[in-house]
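Student: how would this look folded up:
(one chain, ligands or ions: 1)
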Amino acid sequence: MSAWLSRKVSSLNLQELNEFDGSQEQKQALKELGKEFEITTDKLRSIVKQFTFEMQKGLERHGAKVAMIPSFVTGKPTGMESGTYLAIDLGGTNLRVCKVDLLGNGKVEIQQQKYIVPEAMKVGEMRQLCDFIADSVDMFLTEIDTDSYSETLQLGFTFSFPVNLRTINRGNLMQWTKGYCCTGAIGKDPGLMLQDSFRRKNMKVNVAAIVNDTVGTLMAHAYRDPTTFMGIIFGTGTNAAYFEKMDNITKWEDDITSDEMVVNMEWGAFDEERRVLPMTIYDNRLDRESINPGTHIYEKMISGMYLGEIVRNMTLGLVDQLLLFNGKSSPELNKKWSFETSHMSAIEIDTSSDLADTQYVLETVLGIPSTTLLDREMVKTLCRLVGIRAARLSAAGVAAVMTHCNLLPQDACTAAVDGSVFEFYPHFSHNMMKALKELFGEDVEQKIKFSQSHDGSGLGAAVIAMQVSKGNS
Ligand code: BGC
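Tutor: A predicted model of the protein is given here:
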């Protein structure tokens, strides 16, 4: 393997590409891609500036692109809460159903079951999806043989899509994201529709709260660590929620006694007007072929559902220029979404001298008849370009919230983070922190801690259901 590739990389220096052993044309193509995917510190600054501007707009008026949705969650948990609650999570690959026993003293017991959501269900009728959820909850309750089922169970519904809330458990779905596209749902109330399914099946379950996964992540972490100010998801999709002062949510018109409220930013929709994000032809192709063209373009540049597809588009571009795989693709590689983000992770951590794992992904999984070491090095470079850009753009979102909330002069604070990209993508958190250091200086590392949080959709949703049922959300 060439020296430049064997380096343990946290960033890709364009000069490094000069050391690449390929032909002039291959070098030139990689350099051009390197430039297109580069996010310089100056570019980061301009993205953060536009981000804070759009956040402000979202706090001031309804209908802004970055929607800044008030979550109706106001109280911070104390960790002393107790009781038994149900929580469900819909939004990624699985439906997760949990029974959560809050035991006080920050202690909790969770029993859970995952149910695979059939692909057809994700694009079928919403009413059917809600029936599927209710059936799964019914199955779960039978399996765990819950004694308390004689009483109505309070349920926190983690529904990880943009919902414009009118109350803590009522609101309208604004749009689908992440490959979901059920009919009869946009503009409708997912809480009410699920409640209807429970009613039709005579189940004593009350949808007490509709919870975005970011809000759940924030509350779950805050249950154990009161310095938590933000919940972030870097997974199949991306988004963040944070505690905002009521005075700053100027579009809020009702009376409220609380000083602050969690705001679900829906930051995936940042820069839909395409002012600062450096979209390439590969991003445009992906966007055009997605279920929600023109929207959530920030999400499409940084989250797990999409990164592999960007690499696939780049790979095919090089194949068509006869610069990769001897100009040959494969039926599998030609299929949309076949290059999963998990393949990128496998390729990025492959440091073997012959890039054997990369060869496995390309030849065995994706069916390319044969690859040279040079081919594999080129594909690895593409993954690095896309992965590093994703981490740096993610840092821009975090930096915008830190700037907006004026966090730097304050004591150290914690952002709770969940999601497969953050957890499994090689060097992701390191590259994100590197970008934050470029923006705020080296000591930002002491100011903000990113803490992996797994139980947002279970514990977080249950804590919120508890707050609602005790009347203090
Ligand atoms: C949704 C958000 C969600 C995020 C992470 C996005 O596609 O719009 O509501 O929080 O994914 O799951």
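
Student: quick check: the residue of this structure nearest the ligand.
Tutor: Gly237 (2.5 Å; CB to the nearest ligand atom). Where you see a C-beta, it was placed from the backbone N, CA and C, and this is true even at glycine.

Student: pretty sure Thr74 is in a helix, no?
Tutor: No: inclusion of Thr74 in a helix is not indicated when DSSP: H, G, I helix; E, B strand; the rest coil is applied; the result is coil.

Student: state the number of residues packed around it.
Tutor: 19 (other CB atoms under 10 Å).

Student: for the nearest residue to it once chain neighbours are set aside, grab the count of nearby residues.
Tutor: Of all residues not flanking Thr74 in the chain, Ser258 sits nearest, at 3.8 Å (CB to CB, 6 or more residues apart in numbering). Ser258 has 12 neighbours, counted by other CB under 10 Å.

Student: also the one 10 residues further on?
Tutor: Burial measure for Gly268: 26 neighbouring residues, criterion other CB under 10 Å.

Student: now do the SS call for it.
Tutor: Going by three-state DSSP: Gly268 is helix.

Student: ok, now which ones touch it?
Tutor: Shown in contact with Gly268 (CB atoms under 8 Å, 6 or more residues apart in numbering): 177, 237-239, 296, 298-299, 303.

Student: can I get those in JSON lines with pLDDT?
Tutor: JSON lines is the format used below for the contacts of Gly268 (pLDDT from 0 to 100):
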{"residue": "Thr177", "pLDDT": "92"}
{"residue": "Gly237", "pLDDT": "95"}
{"residue": "Thr238", "pLDDT": "97"}
{"residue": "Asn239", "pLDDT": "98"}
{"residue": "His296", "pLDDT": "96"}
{"residue": "Tyr298", "pLDDT": "98"}
{"residue": "Glu299", "pLDDT": "98"}
{"residue": "Ser303", "pLDDT": "97"}
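
Student: leaving out sequence neighbours, find the closest residue to the residue positioned nearest the centre of the chain.
Tutor: Computing the C-alpha centroid of the chain and ranking residues by CA atoms, centre = their mean puts Thr238 first, at 2.4 Å. In space, and not counting its chain neighbours, Thr238 is closest to Ser303: 4.4 Å by CB to CB, 6+ apart.

Student: how far away is the one you found from Phe428?
Tutor: 11 Å (CB to CB, to the nearest Å).

Student: the more surrounded of the two?
Tutor: For the pair Ser303 and Phe428, the greater number of neighbours falls to Ser303 (26 against 22), based on other CB under 10 Å.

Student: give the contact list for the more buried one.
Tutor: 234-238, 268, 390, 419, 421.

Student: same question, Ile232
Tutor: Contacts for Ile232 (CB under 8 Å, 6+ apart) come out as 214, 217, 238-240, 397-398, 415-419, 422, 450.

Student: can I get the helix or strand where Ala465 lies in CSV, CA atoms only?
Tutor: Taking DSSP states H and E as the criterion, Ala465 maps to helix 461-469. The C-alpha trace of helix 461-469 is given here as CSV (Å, rounded to 0.1, in the frame of the first residue of the first chain):
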residue,chain,number,x,y,z
ALA,A,461,-39.5,9.1,25.9
ALA,A,462,-40.5,7.5,29.2
VAL,A,463,-39.2,10.4,31.3
ILE,A,464,-41.3,12.8,29.1
ALA,A,465,-44.4,10.6,29.4
MET,A,466,-43.8,10.6,33.2
GLN,A,467,-43.5,14.4,33.2
VAL,A,468,-46.8,14.7,31.2
SER,A,469,-48.7,12.3,33.4
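
Student: helices or strands up against it?
Tutor: The contact analysis (3 or more CB pairs under 8 Å, 6 or more residues apart in numbering; DSSP states H and E) places helix 461-469 against strand 82-90, strand 94-104, strand 153-159, strand 205-211, helix 213-224.

Student: just checking the last one against the ligand, any contact.
Tutor: Yes: with CB under 6 Å from any ligand atom as the criterion, the ligand is reached by helix 213-224 at 213-214.

Student: gap between the two ends of stretch 32-41?
Tutor: 19 Å (CA to CA, to the nearest Å).

Student: between the helix holding Ala465 and strand 205-211, how big is the angle?
Tutor: 110 degrees (axes from the mean of the first three to the mean of the last three CA atoms, to 10 degrees).

Student: quick one, helix 461-469 and helix 213-224 angle?
Tutor: Going by the same axes, to 10 degrees, helix 461-469 makes 80 degrees with helix 213-224.

Student: could you give the mean pLDDT of helix 461-469?
Tutor: Averaging pLDDT along helix 461-469 yields 90.

Student: which outside residues touch that helix?
Tutor: Contacts for helix 461-469 (CB under 8 Å, 6+ apart): 73, 75, 77, 81, 83, 85-89, 98, 100, 102, 154-158, 168-169, 208-209, 211, 215-216, 219-220, 223, 473.

Student: pull out the buried residues from that helix.
Tutor: Going by neighbour count (16 or more other CB atoms under 10 Å), the buried part of helix 461-469 is 461-469.

Student: just how off-centre is that helix within its chain?
Tutor: 23 Å (CA atoms, centre = their mean, to the nearest Å).

Student: quick one: the helices in the stretch 51-200 of the chain?
Tutor: Assigned by DSSP state H, counting those that start in this stretch, the helices in the stretch 51-200 of the chain fall at 119-122, 126-144, 190-200.

Student: nope, the stretch 351-473 of the chain is what I was after
Tutor: 356-359, 373-404, 420-424, 428-440, 444-447, 461-469.

Student: report the angle between the axes of the last one and strand 153-159?
Tutor: With the same axes, to 10 degrees as the criterion, the two stretches helix 461-469 and strand 153-159 enclose an angle of 120 degrees.

Student: helix 461-469 to strand 82-90, inter-axis angle?
Tutor: Orientation check (the same axes, to 10 degrees): helix 461-469 against strand 82-90 gives 120 degrees.

Student: kindly report the same for the fourth one.
Tutor: Between helix 428-440 and strand 82-90, the angle formed by their directions is 90 degrees, by the same axes, to 10 degrees.

Student: on contacts alone, who are the packing partners of helix 428-440?
Tutor: Helix 428-440 packs on helix 41-60, helix 373-404, helix 420-424, helix 444-447, strand 448-452, going by 3+ CB pairs under 8 Å, 6+ apart.

Student: pull out the buried residues from the first one.
Tutor: Within helix 41-60, the residues that qualify as buried by neighbour count (16+ other CB under 10 Å) are 43-44, 47-48, 50-51, 54-56, 58-59.
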